[in-house]
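Colleague: Test case, fold it:
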Amino acid sequence: QVQLVESGGGLVQPGESLRLSCAASGSDFRVYNMGWYRQAPGKERELVASAASGGLSNYADSVKGRFTISRDDAKNTVYLQMNSLKPEDTAVYSCNAHGPPGYYGRTYYLNGIDFWGKGTLVTVSA
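Modeller: Numbering: from 1, shown residues only. Just a heads-up that it's a prediction; the model follows:
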């Protein structure tokens, strides 16, 4: 099992930066694919960025060139550096850990398992 706790959200003006952190507790952090998702009011949750266990990163088109995801496996932490923030980036940002197929506790998950943090609010407004 993995517990995820996000931090770093807040209110910023357009063009400013924020860095979100997601601290994971539990074992085998390295095997999890980590991702940041966001959900804006009235919209569906969307993937912002992901960092696979092998190091490959992926970004939503809307944040490419502005956001950077990184992970520190030694600290069990994943980060999201957000630069040049825009009002449309306003959302609750949540951390996700996707584990590979296998046993988690006494249950076998054929397609792997997802763990979620509670989220942190990012508001971009003048």
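Colleague: List the contacts of stretch 44-59.
Modeller: The contact list for stretch 44-59 (C-beta atoms under 8 Å, 6 or more residues apart in numbering) reads 30-39, 60, 63, 67-71, 78, 80, 93-94. For every residue, glycine as well, the C-beta is placed using N, CA and C.
Colleague: make it 6 Å
Modeller: With C-beta atoms under 6 Å, 6 or more residues apart in numbering as the test, stretch 44-59 has contacts from 30-31, 33-39, 60, 63, 67, 69, 71.
Colleague: Out of these, flag the one nearest to Tyr108.
Modeller: Minimum distance to Tyr108 across these is 15.6 Å, recorded for Val31 (C-beta to C-beta).
Colleague: Excluding residues flanking it in the chain, which one is nearest the closest one?
Modeller: Ser53 (5.4 Å; C-beta to C-beta, 6 or more residues apart in numbering).
Colleague: quick one: the most far-flung residue of the chain relative to its centre and Arg38, what's the gap?
Modeller: Relative to the mean C-alpha coordinate of the chain, counting by C-alpha atoms, centre = their mean, the farthest residue is Arg106 (26.9 Å). Using C-beta to C-beta, to the nearest Å, we find Arg106 at a distance of 33 Å from Arg38.
Colleague: Also Thr123?
Modeller: 12 Å.
Colleague: and the two? which has more neighbours close in?
Modeller: Set side by side, Thr123 and Arg38 show more neighbours around Arg38, with 24 against 14, by other C-beta atoms under 10 Å.
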